[in-house]
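Peer 1: starting from these lines, generate the structure:
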Amino acid sequence: MYKNLAGRAVLAWVTACFLSPAFSQTPAPNAPLKIGFVYVTPVTDAGWVRQHEEGRKAVDAALGAKVKTTFVENVAEGADAERVIRDLAQQGNKLIFTPSFGYMEPTLKVARDFPDVKFESITGYKPAANVATANARYYEGRYLAGIAAGRMTKTNVAGYVAGFPIPEVLQGINAFTLGMRSVNPNAKVVVVWLNEWFDPPKERDAAMALFNQNADVVAFHTGSTAVMAAAQERGKMAIAYHSDMRKIAPDAQIVAVTHQWGGYYTQRAKAVLDGTWKSGNLWGGVKEGMIRVGDFGTKVPKAVQQEVLARQQDVAAGKLQPFRAVSADVRDNEGRVVIAKGAQLNDEQILKMNWLVEGVQGRVTR
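Peer 2: Numbering: from 1, shown residues only. All right, here's what the predicted structure looks like:
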């Protein structure tokens, strides 16, 4: 009887150890780093979230068994985001990527409660001790795409389907217009605001409305491929954004402005693994390999392709800055000088952009 009681006591002690929260949450010496990703829309074949999903896959490919990644898709900004981010932290993820501007505040809130977890707020701008911020200079790619659009348009009218009038979107519209008018001074850009990031029917309707206003090429800053599909349907031209979209619009695509996150994500995961991760704020562009223009459509002449790629090399080398006024003042579409001749905007001015450049038909709600 005593023997049996002793055995039961040992069994109870072992069971208690393995089932207690403190014991069960202690990682094995060679346990993989758990990494979570939160996506603002479903994972589709192309678009904003697709590029981040490709970044996650790049981490898996580069680091193999050292990491274990997971993602949650179609998470609305706000309360839902906070819940999902918190769940990922509670599940033992030690590195969490939150790639959407509206995730910034929920990320910061959760980060305060999990000081041992590292967070990467992508497109956010508020760092903390365990929160790094990173974004890409999308406007550099937009300027280059504008050059292609300026060469290809026959009507001298481009359309632009835009989500919200935040600085990042305004940077893109203005850079695209400046690029277009650098090779085609008669070009103009007509903007339609959706106040949505992802609404394929509204995106499609906006593109169709722009085509009806004589636009023969359209760009967009929204989350789906609907604008590209509309251009393909109408026999018009379009600038792909986020991803190469030739599968959706094989005849319509002029060029793609793509975002490349794999290198950054892998670098940050390695830093957590080797203990060198630090909070920081990166704003990388063509030079850093985070923005790339290419994937030309079949209708784009070689001369135009070569011109765009040459200008891309100039951006990488620092020879071309989209928001530099080289030969004349740059004015907004209300006539005010926003960049004096010979000057260029600094990062702070670009990040606070709240105007539309001359040549754009549209307004910014201030």
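
Peer 1: OK, contacts around Val218?
Peer 2: Val218 makes contacts with 158-161, 207, 210-211, 227, 230-231, 236-239, as judged by C-beta atoms under 8 Å, 6 or more residues apart in numbering. In short, each C-beta sits where N, CA and C put it, glycine included.

Peer 1: my read is it is in a strand, agree?
Peer 2: Yes - counting by DSSP: H, G, I helix; E, B strand; the rest coil, Val218 is found in a strand.

Peer 1: find the nearest non-adjacent residue to it, please.
Peer 2: Using C-beta to C-beta, 6 or more residues apart in numbering and skipping residues adjacent in sequence, the residue nearest Val218 is Gly159, 4.0 Å away.

Peer 1: from the contact counts, what lies against whichever strand or helix holds the one you found?
Peer 2: Using DSSP states H and E, Gly159 maps to strand 157-162. With contacts taken as 3 or more C-beta pairs under 8 Å, 6 or more residues apart in numbering; DSSP states H and E, strand 157-162 sits against helix 167-183, strand 188-193, helix 200-211, strand 217-221.

Peer 1: distance between it and the chain's centre?
Peer 2: Its chain's C-alpha centre and that of strand 157-162 lie 19 Å apart, by C-alpha atoms, centre = their mean, to the nearest Å.

Peer 1: pull the residues that contact it.
Peer 2: Around strand 157-162, the neighbours that count as contacts under C-beta under 8 Å, 6+ apart are 149, 169, 173, 176, 180, 187-194, 203, 206-207, 210-211, 213-222, 227, 360, 362.

Peer 1: next, the angle from that strand to helix 167-183.
Peer 2: Comparing the axes of strand 157-162 and helix 167-183 via axes from the mean of the first three to the mean of the last three C-alpha atoms, to 10 degrees yields an angle of 170 degrees.

Peer 1: strands paired with strand 157-162, and their directions?
Peer 2: Partners of strand 157-162 in the sheet, by DSSP bridges, are strand 188-193 (parallel), strand 217-221 (parallel).

Peer 1: and that strand, average pLDDT?
Peer 2: Strand 157-162 shows an average pLDDT of 98 in the prediction.

Peer 1: quick one on the thing from earlier: of the helices and strands packed on strand 157-162, which is nearest Gly262?
Peer 2: Closest to Gly262 of the helices and strands packed on strand 157-162 is helix 167-183 (C-beta to C-beta; 21.0 Å).

Peer 1: show residues contacting stretch 314-328.
Peer 2: Counting by C-beta under 8 Å, 6+ apart, 139-140, 142-144, 174-175, 178-179, 285-287, 311, 330, 339-345, 349-350 sit against stretch 314-328.

Peer 1: ditto for stretch 125-135
Peer 2: With contact meaning C-beta under 8 Å, 6+ apart, stretch 125-135 is reached by 104, 107-108, 111-112, 114-124, 168, 264, 268, 277-284, 351.

Peer 1: restricted to helices, list these.
Peer 2: 104, 107-108, 111-112, 168, 264, 268, 351 (DSSP state H).

Peer 1: could the helices and strands packed on strand 157-162 be laid out in a markdown table, adding distance to Ile85 and mean pLDDT?
Peer 2: Below are the helices and strands packed on strand 157-162 laid out as a markdown table (distance: least, C-beta to C-beta, whole Å; pLDDT from 0 to 100):
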| stretch | distance to Ile85 | mean pLDDT |
| --- | --- | --- |
| helix 167-183 | 21 | 96 |
| strand 188-193 | 29 | 97 |
| helix 200-211 | 26 | 97 |
| strand 217-221 | 25 | 97 |
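
Peer 1: from Val161, how far off is Ser221?
Peer 2: Just so we're on the same page, residue 221 is His rather than Ser. 7 Å (C-beta to C-beta, to the nearest Å).

Peer 1: coming back round to it: quick one: buried ones out of the contacts of stretch 314-328?
Peer 2: The neighbour count (16 or more other C-beta atoms under 10 Å) marks 139-140, 142-144, 174-175, 178-179, 285-286, 311, 330, 339, 343, 345, 350 as buried among the contacts of stretch 314-328.

Peer 1: helix or strand for the closest residue in space to Lys109 that isn't next to it in sequence, which one?
Peer 2: Distances taken as C-beta to C-beta, 6+ apart put Glu82 closest to Lys109, at 6.0 Å, once the chain neighbours are dropped. Using DSSP H and E, Glu82 maps to helix 79-90.

Peer 1: next, the angle helix 79-90 makes with the next helix or strand after that helix.
Peer 2: The helix or strand immediately downstream of helix 79-90 is strand 95-99, counting by DSSP H and E. Relative orientation of strand 95-99 versus helix 79-90 (the same axes, to 10 degrees): 160 degrees.

Peer 1: quick one: the residue nearest to Lys109 and Pro106 touch, right?
Peer 2: Yes - between Glu82 and Pro106 there is a contact under C-beta atoms under 8 Å: 3.8 Å.

Peer 1: looking at those two, which is more packed in?
Peer 2: Between Glu82 and Pro106, counted using other C-beta atoms under 10 Å, Pro106 has the larger neighbour count: 24 against 18.

Peer 1: enumerate every residue touching the more buried one.
Peer 2: By C-beta under 8 Å, 6+ apart, Pro106 lies in contact with 77-79, 81-82, 85, 98.

Peer 1: 10 Å instead?
Peer 2: By C-beta atoms under 10 Å, 6 or more residues apart in numbering, Pro106 lies in contact with 38, 75, 77-86, 98, 100, 121.

Peer 1: picking that back up, and the contacts of stretch 314-328, which of them are in helices?
Peer 2: Among these, DSSP H puts 139-140, 142-144, 174-175, 178-179, 311, 349-350 in helices.

Peer 1: ok, those residues vs Arg56, which is closest?
Peer 2: When these are compared against Arg56 (criterion: C-beta to C-beta), the nearest one is Glu140, at 24.0 Å.
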